[in-house]
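A.B. asks: sharing a model prediction with you, sequence too.
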Amino acid sequence: MFKALALAAAVVTAVSAAVIPRATVPTTVGAVQTGGFATYYYQYGGYGACGNINPDSALIVAIQSARYDASLCGHTVSITNVNNGLTVSATVADQCPGCANSESLDLSVGAWQAIGQTEADGAEVPITWTLVN
């Protein structure tokens, strides 16, 4: 009986750990992140990692997977385009497994355009960013 309970507890623990992503790189409110790049992505009517469907025009951001934690969902990130100084505030709504490094973000088309970028400008731009709240 004890072995069965121990096995059941181990399975529940393993499943729980697999369901809730945990950040391996901490994100601190107010700390400026440098050395990253912004890319953009289309929503295609799908759910983001935070469980919501957003239009392409929404000001949302996907956090790089090593930094993503579900507790960041709904928080605001201030993102600055290093090339032109334009800044946008965007809401964490997804994670980005394809981002270049833990300082990189994937922006919705709306957020990408808000920092002065278009599809014709290329696939990435250097950024700095801060978790606001």
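C.D. replies: Arrived safely, thanks for sending. Numbers count the residues shown, from 1 in each chain.
A.B. asks: now tell me which helix or strand of this protein has the poorest mean pLDDT.
C.D. replies: Ranking every helix and strand in the chain by mean pLDDT, DSSP states H and E puts helix 2-19 at the bottom, with a mean of 44.
A.B. asks: pLDDT below threshold where in this structure?
C.D. replies: Along the chain, segments meeting pLDDT under 70 span 1-24, 26.
A.B. asks: show me which residues of stretch 28-36 are buried.
C.D. replies: Applying a neighbour-count criterion of 16 or more other Cβ atoms under 10 Å, one finds Gln33, Gly36 buried in stretch 28-36. Yep, even glycine has a C-beta here, placed from its N, CA and C like the rest.
A.B. asks: repeat that for stretch 108-127.
C.D. replies: Buried positions in stretch 108-127, judged by neighbour count with 16+ other Cβ under 10 Å: Ser108, Val109, Gly110, Ala111, Trp112, Gln113, Ala114, Ile115, Gln117, Glu124, Val125, Ile127.
A.B. asks: what ranges do the strands span in the chain?
C.D. replies: Along the chain, counting by DSSP state E, strands occupy 32-41, 60-64, 76-81, 87-96, 105-108, 125-131.
A.B. asks: redo the ones you listed as TSV? Include distance to Ala70.
C.D. replies: Shown next, in TSV, are the strands of the chain (distance: least, Cβ to Cβ, whole Å):
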stretch	distance to Ala70
strand 32-41	19
strand 60-64	10
strand 76-81	15
strand 87-96	9
strand 105-108	17
strand 125-131	14
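A.B. asks: between those, which one is nearest to Asn52?
C.D. replies: Asn52 lies closest to strand 87-96 among those, at 6.0 Å (Cβ to Cβ).
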